[in-house]
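Asker: Got a sequence here, can you build the structure:
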Amino acid sequence: MLWTAAIVLSGLFLNAGWHKLVLPGYYRDLIAGHVRMPAAFTEFVRIVLLITEISTGLLLLLPATRPLAAWSALGLLLLYSLLITVGLIRGLDLDCGCSGPRAGLKLSPWLLLRNMGLILVAWMLTLPASNRFTGIEDCLIVIFASSTLGLIYLSYEHLLANSEKLTLLRHR
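Answerer: Sure thing, here's the model as predicted:
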């Protein structure tokens, strides 16, 4: 179970960091939309988030560093949940930036629900792991469970994005 959680969260943070690496302008603008700050500082924040997300994703895959990486994941998820909450309270009409600009995910309470699930998964990784022997069956279960959870996560994001698009079509 811990390996499955670690792989899913690792993939999520590696993907997030990758997006910040290849789409710097989009994320600079997104950060500036959430928090008013000088442009140079916005770039600094983007780079810090990129490094933190990629290192968290990589360190989640190593059993020795997993607990520390899980706390980092918890911190990032809580930060992003706070930014989503503040954005919703302020009535901001911004992308969440969760899956890049093409995802079309706007800030919504549903993203907070998703983040609460991810926070529980990250918290689970902070708990002590058992030293049980893992055989080939366990490895196969981890692979299939990780794939299934990854697909559920992507499906949830697509449902949210399509829901927003359908709402826009209905109000035309």
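Asker: What segments of this protein are helices?
Answerer: 2-22, 24-34, 39-59, 66-90, 109-124, 136-170 (DSSP state H).
Asker: what about Leu14, neighbour count?
Answerer: 18 (other CB atoms under 10 Å). Heads up, the C-betas are built off the backbone N, CA and C, glycines and all.
Asker: ah, wrong one, I meant Ile47
Answerer: Neighbourhood size, Ile47 [other CB under 10 Å]: 15.
Asker: Same question for Trp110.
Answerer: When neighbours are counted by other CB under 10 Å, Trp110 registers 17.
Asker: Report the contact partners of it.
Answerer: When contacts are counted by CB atoms under 8 Å, 6 or more residues apart in numbering, Trp110 touches Leu160.
Asker: And it, what's its pLDDT?
Answerer: Note for Trp110: predicted pLDDT of 87.
Asker: mind checking which helix or strand of the protein has the lowest mean pLDDT?
Answerer: The weakest-scoring helix or strand in the chain, judged by mean pLDDT, DSSP states H and E, is helix 136-170 (a mean of 74).
Asker: relative orientation of that one and helix 2-22 in degrees?
Answerer: 50 degrees (axes from the mean of the first three to the mean of the last three CA atoms, to 10 degrees).
Asker: Make 29 the starting number, not 1.
Answerer: Okay, residue one is now 29; in that scheme the one you just asked about reads as helix 164-198.
Asker: what number of residues lie near Val76?
Answerer: So Val76, with other CB under 10 Å, has 11 neighbours.
Asker: which residues touch it?
Answerer: Residues in contact with Val76 (CB under 8 Å, 6+ apart): none are found.
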